[in-house]
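Asker: got a sequence here, can you build the structure:
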Amino acid sequence: MAGGFSTPKKDEAIKVSGGQTVKTGQILCRGINTYKAGLNVKGSGTLFALCPGKVTFTRKKTPHGRFRTFINITPLEAPAKEK
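Answerer: Below you'll find the model as predicted:
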C-alpha cells in the first residue's frame, strides 16, 4: 500500500549498535517497545543517553518467563587533570 497507514514509519528504529560511543542526550532507540531503558538511559518511547559512554545490550528474564532487552550506557572514564 503506497502511502497508506500500513506503511511503517522510517524514523522508528534502533539508532545505535553495541559498542558504539554516544554523547549525552543522543537518541538510542525511537518507537520500539522491545527495548527498555537500562543504566544511564532514560525515556519510554524514545530512549536517550544520560551520560557519554559506550552502548551495551543486556537480556534479563522477567518473573513471567519473558526476556527483555535493556540498553545500557557504560560511562567513559574522565581524563585525569594535570596539576
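Asker: which residues of this structure score low on pLDDT?
Answerer: By pLDDT under 70, the weakly predicted segments of the chain are 1-5, 7-9, 78-83.
Asker: what ranges do the strands span in it?
Answerer: Using DSSP state E, the strands assigned to the chain run over residues 21-22, 27-30, 35-37, 41-42, 46-49, 53-61, 67-75.
Asker: Lys15: which of those strands is closest?
Answerer: The stretch from those with the least distance to Lys15 (Cβ to Cβ) is strand 27-30; that distance is 5.4 Å. From N, CA and C alone the C-beta is placed, and that goes for glycine too.
Asker: residues contacting that closest one, please?
Answerer: Residues outside strand 27-30 that contact it (Cβ atoms under 8 Å, 6 or more residues apart in numbering) are 11-16, 22, 35, 41, 45-49, 55, 71.
Asker: let's have the strands of the chain in CSV, adding distance to Ser6.
Answerer: Supplementary listing: those in CSV, determined by distance: least, Cβ to Cβ, whole Å:
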stretch, distance to Ser6
strand 21-22, 32
strand 27-30, 20
strand 35-37, 23
strand 41-42, 31
strand 46-49, 23
strand 53-61, 29
strand 67-75, 26
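Asker: would you turn those strands into CSV with mean neighbour count?
Answerer: Supplementary listing: the strands of the chain in CSV, determined by neighbours: other Cβ atoms under 10 Å:
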stretch, mean neighbour count
strand 21-22, 17
strand 27-30, 19
strand 35-37, 17
strand 41-42, 16
strand 46-49, 20
strand 53-61, 14
strand 67-75, 16
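Asker: and which of the contacts of strand 27-30 is nearest to Glu77?
Answerer: Nearest to Glu77 among the contacts of strand 27-30 is Val22, at 15.2 Å by Cβ to Cβ.
Asker: wait, that closest one sits on Pro52?
Answerer: Yes. Using Cβ atoms under 8 Å, Val22 is in contact with Pro52, at 6.7 Å.
Asker: residues in contact with Gly25?
Answerer: Taking Cβ under 8 Å, 6+ apart as the definition of contact, the neighbours of Gly25 are Phe48, Ala49.
Asker: taking the centroid of this protein, which residue is nearest it?
Answerer: With distances taken as Cα atoms, centre = their mean, the residue of the chain nearest its centroid is Leu28 (3.9 Å).
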